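Below are the sequence and a predicted model; questions follow.
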Amino acid sequence: MNRMSTNFKLSRRSFLKGTAAVAAAAGAGWAGLKAPGWLQPATAAPPGVQEKVVRTICSPNCWQTCNHLVTVRDGRVVKTAPAPMPDREYDRICLRGLSHIQRIYHPDRLKYPMRRTGARGEGKWERISWDQAFNMIADKFKELRSQYGPQAVAVVHQSGNYGVLNGGYAGAYRFAGILESVLASGSVDQAIPTGFAAALGMGIFDAYSNECADWVNARTIILWGSACAESQINEWHFIQEAVEKGAHLVVIDPIYTTTAQKARTWVNLRPGSDTAFALGMLNIIISNKLYDADYALNNTCAPFLVREDTRLFVREKEKPLVWDTVTSRAVPFDTPGIKPALEGDFAVSGVKCRTVFARLKENVRDYTPEKVAELTGVKAELVTRVATLLATNRPGGIKFGFGADRYHHADLLGQALITLLGLTGNIGKSGNILGMFFAGFDPMVYNAGWLFPAGTFPKVLPLIQLQDTIIKQNPYPIKALYITCSNLLVQTTERNKWLKEVWPKVDFVVAVDQFFNNTLNYADLILPAAHYYETEEVVLAGDVPYIMYRQKAVDPVGEAKPDWEIYKGIASRLGFSQYFGTIEEESAKWLDVPLLRQQGITYQRLRQEQAIRFLPKPYIPWQDGKFKTPTGRLEFYLEKKVKEGEELPVFKWPLEAGPDNPLAAKYPLTLITRHEKFRIHSQYENQPWLRELNPEPVADLNPGEAQKRGIADGAMVEVFNDRGHVVLKCRYNEAIPPGVVHIQQGWWYYPAGHHQELTHANFKANTLNYSFFDVRVDVKKA
Ligand code: SF4
């Protein structure tokens with residue numbers, strides 16, 4: 001099989017014709033959507049040809065979970081269009097969704113199970129039947145389990161599909177739970193949310209922000225490390241609408257992205273210096289008394305007293321105390337009729353203490369605009385401008401993206417941002433953006449009764465620890481990998497370590513996917529997965545407030561199977577078939593969680609209505625100022641981080657990216673690998689229409705940096721560090737600041753090496769997050 005057999009014969013014209021039709025129909029509203037023109041032949045179905053329109057869902061990890069209307073003629077998809085949602089502002093599709101026809105019928109689509117016949121990576125395969133494949137997996141798993149125990153197998157998943165049973169979440173959890181195997185997942189995009197979740201008392205992917213449709217009411221919007229106009233296209237129009245109504249858009253990003261180009265204020269800070277800028281904003285807000293004192297006193301932990309000796313709250317019967325200015329004594333924070341002090345030094349039973357607010361004030365005092373300018377490289381006046389906007393041009397909010405998340409210590413940025421939002425009294429108001437809107441992933445995915453019906457559980461291992469666990473064979477003796485919804489070798493760090501140190505320790509690698517990508521190239525057995533349109537199931541809510549049903553539009557191509565059918569086939573040979581019922585049976589049980597049960601949302605109802613809103617309309621949480629923390633307050637003071645000196649947000653340079661980092665002399669550039677609109681992580685990489693618009697990987701360099709190295713625009717270059725290298729074309733790009741090289745995320749192949757050879761797997765214990773951008777490199781002519 002040729003790994004690059006895509007033939008880019010389709011013309012740009014064909015794509016543009018289709019997208020023009022999209023624009024026209026979008027402007028025409030739903031009536032327009034019924035009109036022909038959605039990437040379909042202009043002709044109507046010839047007589048005798050069976051045609052139907054099926055409502056289904058696209059669900060990669062862009063979170064947008066767009067509902068599509070798919071026209072099927074004689075069993076083949078011929079067009080895609082957005083489906084009308086119960087709230088029409090959530091009708092949506094994007095260029096990737098429009099290209100699904102090419103994905104389903106791509107010449108490189110995997111159609112059959114295949115077994116490796118040559119060496120790993122040699123590309124020699126033979127077709128086998130599903131029976132042979134299932135037996136091979138079951139035999140190998142039995143052998144390894146009996147020799148090393150159930151943790152000899154690791155189920156590895158990432159986010160390739162938000163389907164419940166077929167995706168990388170609930171279905172994979174159940175499979176791993178039944179096997180009692182290792183379940184390796186996560187470690188991506190979870191540092192900043194950690195800061196938010198802790199202060200709010202929620203899970204990191206809970207529904208803590210106002211829904212996107214409410215963002216149009218914002219007057220100040222700060223996009224922090226978010227290239228929303230490209231990476232979350234369907235959220236962008238809400239922001240654009242707010243801007244059209246007069247909102248001030250601030251974009252904080254080292255790169256002059258398409259999103260930054262739309263901003264009224266662009267903060268072009270140094271990579272990894274974000275928290276310094278946030279602390280500068282806190283300093284301005286506190287020192288100029290721009291905070292909402294009532295909100296801080298009554299709804300946050302700001303007045304709680306903190307002991308000087310232990311830096312823990314002063315408590316009485318577990319309740320934090322505040323200083324009552326009426327009686328001049330410390331009392332539980334919820335004592336009726338008190339007037340707590342926001343600032344001050346006190347003594348309680350001989351123990352010196354001060355308020356959280358006073359400690360915060362002291363912590364940020366040194367972050368003057370001038371000092372922040374020195375650290376971040378931006379003009380000092382920007383700190384004051386952005387802080388004043390957030391505090392006074394209300395309602396406002398901060399939407400973080402995962403650009404800023406990809407540095408060591410990004411959790412501290414999360415702590416700083418939630419503190420900013422809390423002190424400015426923006427939370428609970430229409431128009432607020434509280435970090436990100438995710439409709440409530442955690443309460444549904446973690447339906448423990450359904451996930452673990454046998455009473456057996458997987459050993460959950462953060463993905464970032466998988467490499468070392470396998471190399472050391474400790475704490476689990478992992479000998480087999482079952483990889484699903486993941487192009488592991490493109491979407492995780494230290495690719496050379498995977499291939500040279502991890503792979504030799506693993507006896508058996510099964511990879512499930514739709515295409516023969518990098519990871520499958522190094523597997524022993526590859527299984528063809530069904531496309532979204534080829535499956536029936538419930539789909540998780542992403543950034544829409546619905547639980548949704550995906551209808552099957554067409555039969556799988558070749559012998560491809562939905563993931564649930566694959567789990568079933570393996571489980572039946574291992575004696576666990578009772579835990580893998582039909583999609584209908586299992587979905588009905590999975591949906592039986594209090595949140596949905598109380599609203600009468602069942603599988604039958606979902607099949608009929610297809611998208612059911614399960615959050616109130618409009619969804620604006622925290623209007624009563626009560627949070628899910630033990631005190632009911634916004635607890636941005638984290639006692640559990642006292643040991644690290646991080647109970648309040650502080651600024652620490654990341655591991656590699658800082659300007660004074662010892663590595664800077666040898667490797668003067670920071671490598672940033674952003675999301676772009678042509679892919680979702682590494683998905684859609686081989687779509688011909690998208691490749692017409694974005695044909696090949698390039699290293700974007702500021703012309704000054706390139707010329708310093710004698711590199712011409714368009715020349716082949718090598719980006720390198722001690723861990724590895726990648727060879728690709730250089731593109732002069734004024735949008736990239738000096739000191740940075742940018743490569744778009746998700747490319748499968750390069751002329752030599754790979755950008756994931758350059759990245760590292762160092763992590764912070766409390767986040768266990770990949771720091772994909774915290775990477776130093778240099779560039780030279782290839
Ligand atoms: S890729 Fe994402 S934004 Fe595009 S159609 Fe699919 S779900 Fe929607």
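In hand now; what should we look at?

Stretch 491-499: which residues count as buried?
Neighbour-count burial for stretch 491-499, counted by 16 or more other C-beta atoms under 10 Å, picks out 491, 492, 493, 494, 495, 496, 497, 498, 499. Yep, even glycine has a C-beta here, placed from its N, CA and C like the rest.

what's that stretch in contact with?
Residues lying outside stretch 491-499 but in contact with it, judged by C-beta atoms under 8 Å, 6 or more residues apart in numbering, are 121, 158, 188, 463-464, 467, 471, 488-489, 522, 681-682, 723-724, 746, 754, 756-757, 759-761, 770, 772.

returning to what we had before: can I get the buried residues of stretch 491-499 in CSV with distance to the ligand and secondary structure?
Below are these laid out as CSV (distance: C-beta to the nearest ligand atom, whole Å; DSSP: H, G, I helix; E, B strand; the rest coil):
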residue, distance to the ligand, secondary structure
491, 16, helix
492, 21, coil
493, 24, coil
494, 28, coil
495, 25, helix
496, 31, helix
497, 31, helix
498, 27, helix
499, 30, helix
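
Only the buried subset of the contacts of stretch 491-499, as a ChimeraX command please.
Buried subset of the contacts of stretch 491-499, written as a ChimeraX selection, criterion 16+ other C-beta under 10 Å:
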select :158,188,463,464,467,488,489,522,681,682,723,724,746,754,756,757,759,760,761,770,772
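
Give me the local confidence score for the spatially closest residue to residue 552 that is not a sequence neighbour.
Taking C-beta to C-beta, 6 or more residues apart in numbering, and ignoring the residues beside it in sequence, residue 552 has residue 536 as its nearest neighbour in space, at 4.3 Å. Per-residue pLDDT puts residue 536 at 96.

and residue 536, how many neighbours does it have?
When neighbours are counted by other C-beta atoms under 10 Å, residue 536 registers 20.

ok, and the closest non-adjacent residue to the residue of the stretch 401-550 of the chain at minimum distance from the ligand?
Residue of the stretch 401-550 of the chain nearest the ligand, by C-beta to the nearest ligand atom: residue 542 (7.7 Å). Excluding the flanking residues, the one nearest residue 542 by C-beta to C-beta, 6+ apart is residue 63, at 3.5 Å.

cool, residue 419 as well?
In space, not counting the residues next to it along the chain, residue 419 is nearest to residue 636; the distance is 4.3 Å by C-beta to C-beta, 6+ apart.

wait, what's in contact with the one you found?
Residues 199, 300, 301, 356, 415, 418, 419, 422, 648, 649 are the ones in contact with residue 636 under the rule C-beta under 8 Å, 6+ apart.

switch the cut-off to 7 Å
199, 300, 301, 415, 418, 419, 422 (C-beta atoms under 7 Å, 6 or more residues apart in numbering).

and which of those is nearest residue 574?
residue 199 (43.5 Å; C-beta to C-beta).

And what about that closest one, helix, strand or coil?
Secondary structure of residue 199, reduced to three states by DSSP: H, G, I helix; E, B strand; the rest coil: helix.

ok, so what distance separates it from the ligand?
For residue 199, the distance to the ligand under the criterion C-beta to the nearest ligand atom, to the nearest Å works out to 29 Å.

Whatever residue of the chain ends up closest to the ligand sits in which helix or strand?
Scanning the chain for proximity to the ligand using C-beta to the nearest ligand atom identifies residue 97 as nearest, at 2.4 Å. Using DSSP states H and E, residue 97 falls within helix 95-98.

Could you name the helices and strands sitting against that helix?
The helices and strands touching helix 95-98, judged by 3 or more C-beta pairs under 7 Å, 6 or more residues apart in numbering; DSSP states H and E, are helix 12-33.

let's go with 8 Å and repeat that
When contacts are defined as 3 or more C-beta pairs under 8 Å, 6 or more residues apart in numbering; DSSP states H and E, helix 95-98 packs onto helix 12-33, helix 688-693.

rank these by mean pLDDT and give me the bottom one.
Of all the helices and strands packed on helix 95-98, helix 12-33 has the smallest average pLDDT, which comes to a mean of 36.

Residues of this structure that sit close to the ligand?
Residues of the chain lying close to the ligand (C-beta under 6 Å from any ligand atom) are 58, 60, 62, 64-66, 92-94, 96-97, 233-234, 680.
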